[in-house]
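**Student:** Predicted model follows, preceded by the sequence.
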Amino acid sequence: AIVSLPTVEAITYGATLEAVTLNGGETDTEGTWQWNADLTQVLNAGTHELAVQFIPTNTAWYNMLDSKVTVTVNKADQTIAWDFTTTEMTVDEVLTLSATATAGEVTFALTDDAATLEGNTLTAVKAGEVVITASQAGNDNYNAAEEVAHTITIHKATPIITWPTLNDVVYGATYDEALQLVGGEHSVEGAFSITNMPADLAQVPAVGEYTFGILFTPAKAESYNEVSDSVTLQVTKQLQTIAWDFADQELLIGNTLTLSATAPAGEVSFAIQPAEGVASLEGN
């Protein structure tokens, strides 16, 4: 007869009965206890009643005895491993987060606002640093995983720029009239500006070529870098006209006439054709 059943130490989910020893147990005759169950099976976490058998030493006199013992299976611990190594991103870059845990699907959480997170899609939105936390809640056989964190540094992006130009102007235009940027495109919101504007915009630049610095300033300075270049202003000579200061006239032999005409560039010089015979010219 059975006086007391053997005991079993608790095991952790994943272990099989092959490594589990039946301890103690007492009957009214000598013999040994053994499992009467599949030793290769993996039991779910919880308590289980499993069959055992007592094999008497003297099987001629005593029968084998069947009974059951309680086996406690504890939940197993689990870990989370990141499936990527990215530590730096640029604004507008997108990263698909991935991590593996023993018990299944991993969920992600985000601190700071330098990026946004939808499901497992991380989008960088401004310069800064974000910490992503991965967690797994566990299930019937696994305890919740210890959270793991991953830090990513986000850098500003550089806009794509098609630079504007300056129209060529003729002498007489002021800097205010000449320094008007034409065209130009930018991949993000922002504005172009000339960095070294003359102090006196009413000044009229002389004929020649001038180089000015040009800057693109993004509207979201926390997300995008400023970009600079140069632009050229070409001031060309102005066409001018000459205006006579007297009307056509008829002269008699021996008469004189003082020639007079006005030009924007200054003093006017005179010549006659033919140079000799009909009239003579000295100065004006």
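**Tutor:** That came through fine.
**Student:** So what's the residue count around Leu215?
**Tutor:** By other CB atoms under 10 Å, the residues close to Leu215 number 15. Quick note: C-beta positions are derived from backbone N, CA and C, even for glycine.
**Student:** Pull the contacting residues for it.
**Tutor:** Phe192, Ser193, Ile194, Thr195, Glu226, Val227, Ser228 (CB atoms under 8 Å, 6 or more residues apart in numbering).
**Student:** Counting neighbours, what do you get for the residue nearest to the fourth one when sequence neighbours are not counted?
**Tutor:** The one in question is Thr195. Sequence neighbours aside, Gly213 is the residue nearest to Thr195 in space, at 3.7 Å (criterion: CB to CB, 6 or more residues apart in numbering). Gly213 has 13 neighbouring residues, counting by other CB under 10 Å.
**Student:** ok, Gly213 to Ser187 distance?
**Tutor:** To Ser187, Gly213 is 21 Å away according to CB to CB, to the nearest Å.
**Student:** before we move on, back to that, list only buried entries from the contacts of Leu215.
**Tutor:** Buried members of the contacts of Leu215, scored by 16 or more other CB atoms under 10 Å, are Phe192, Ile194, Val227.
**Student:** Mind jotting down where the helices sit in the stretch 151-284 of the chain?
**Tutor:** 175-178 (DSSP state H, counting those that start in this stretch).
**Student:** Can you show me the strands along it?
**Tutor:** Here the stretch 151-284 of the chain has its strands, by DSSP state E, counting those that start in this stretch, at 161-162, 165-166, 169-170, 181-182, 185-186, 190-194, 208-218, 227-236, 243-244, 261-262.
**Student:** So for Asn58, which of these sits nearest?
**Tutor:** Closest to Asn58 of the strands of the stretch 151-284 of the chain, according to CB to CB: strand 208-218, at 93.7 Å.
**Student:** pLDDT weak spots in the stretch 101-250 of the chain?
**Tutor:** By pLDDT under 70, the stretch 101-250 of the chain has no low-scoring segment.
**Student:** What sits closest to the residue minimising distance to the centre of the chain if chain neighbours are left out?
**Tutor:** Nearest to the mean C-alpha position of the chain, by CA atoms, centre = their mean, lies Val91 at 2.5 Å. Using CB to CB, 6+ apart and skipping the chain neighbours, the partner closest in space to Val91 is Ala157 (3.9 Å).
**Student:** Quick check: beta-bridge partners of the one you found?
**Tutor:** Tyr224 (DSSP bridges).
**Student:** Run a quick check on His186 versus Pro164, I expect a contact.
**Tutor:** No: shown here, His186 and Pro164 do not form a contact pair, counting by CB atoms under 8 Å, at 9.8 Å.
**Student:** Spit out the residues that contact the two alike.
**Tutor:** Phe192.
**Student:** coming back round to it: can you tell me which of the buried ones among the contacts of Leu215 lies nearest to Glu30?
**Tutor:** Val227 (92.1 Å).
**Student:** For that closest one, which non-adjacent residue is closest in space?
**Tutor:** Distances taken as CB to CB, 6+ apart place Phe216 nearest to Val227, at 4.6 Å, with adjacent residues excluded.
**Student:** give the contact list for that neighbour.
**Tutor:** Pro159, Ile161, His186, Gly190, Ala191, Phe192, Glu226, Val227, Ser228.
**Student:** In contact with the third one, which residues are there?
**Tutor:** Contact analysis of His186 by CB under 8 Å, 6+ apart lists Pro159, Ile160, Ile161, Thr162, Phe192, Phe216, Pro218.
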